[in-house]
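>>> fold the following and give me the result.
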Amino acid sequence: NIGSGDTIITNDTSVTINNLISNTGYEAYVNSVCSSSDSSSHIGPEHFVTSPNSLALKAKGTELKIYPNPANNQLYINYTNDGQKPPKEVVIYNATGSVVYRGVPQNSTGTLKVNTSNWPVGMYVVHVVSQTDYTQVRKITITR
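Numbers count the residues shown, from 1 in each chain. Model (predicted):
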């Protein structure tokens, strides 16, 4: 049961993990065992996010706009939620799955301003998680 702290043992330098849940963040730890008496300490966590399904769903009364895309030094995340509670959190992951931004919106309608000036050029994934754990996902690009 991957995701509950299972151990995968392999003699290969890489491993493919099947049956992960789409659009979900995971953490992995790695250690090297050279012999029964010689092993490295755990390295990690390494964060990664599985790709979302191609089917996009929209919760009733919600709208998400992210602009500009591509972005340079600032990114704006505009969300509306029909006056309900604000999203639980906004998380932005880089291409390797590491969290580069995590914020908690204060209003059910509003705009988050995210400073991206120190982020490397590349693709990022934005997750906006509702109070009911519905997640809207968008891809963004940072350019210079």
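>>> so which residue is dead centre in this structure?
Of all residues in the chain, the one closest to the mean position by C-alpha atoms, centre = their mean is Tyr93, 4.2 Å from it.
>>> residues touching that one, list them.
Applying C-beta atoms under 8 Å, 6 or more residues apart in numbering to Tyr93 gives the contacts 25, 47, 49, 99-100, 124-125, 127. (Each C-beta comes from the backbone N, C-alpha and C, glycine too.)
>>> so it bridges to which residues?
Judged by DSSP bridges, the bridge partners of Tyr93 are Val99, Val125.
>>> how much space between it and His47?
Going from Tyr93 to His47 by C-beta to C-beta, to the nearest Å gives 7 Å.
>>> shared neighbours, these two?
25, 99.
>>> any low-confidence regions in the protein?
The model of the chain has pLDDT under 70 over residues 1-5, 51-62, 81-84, 107-109.
>>> could you pull out the helices in it for me?
Shown for the chain, no helices are assigned by DSSP state H.
>>> how does it divide into domains?
If you go by automatic domain parsing, the domain ranges for the chain are 1-54, 63-142.
>>> could you single out the most deeply buried of those?
domain 63-142 (a mean of 15; mean count of other C-beta atoms under 10 Å).
>>> how far off centre is it?
Averaging C-alpha positions (C-alpha atoms, centre = their mean, to the nearest Å) puts domain 63-142 10 Å from its chain's average.
>>> span of that domain from start to end?
The first residue of domain 63-142 is 22 Å away from its last residue (C-alpha to C-alpha, to the nearest Å).
>>> ok, now stretch 50-68?
For stretch 50-68, the first and last residues are 24 Å from each other (C-alpha to C-alpha).
>>> now the closest residue to Gly97 other than its chain neighbours: how far from Ser35?
Sequence neighbours aside, Phe48 is the residue nearest to Gly97 in space, at 3.1 Å (criterion: C-beta to C-beta, 6 or more residues apart in numbering). With distances taken as C-beta to C-beta, Phe48 is found 29 Å from Ser35.
>>> got it, and Ile9?
Distance from Ile9 to Ser35, counting by C-beta to C-beta: 14 Å.
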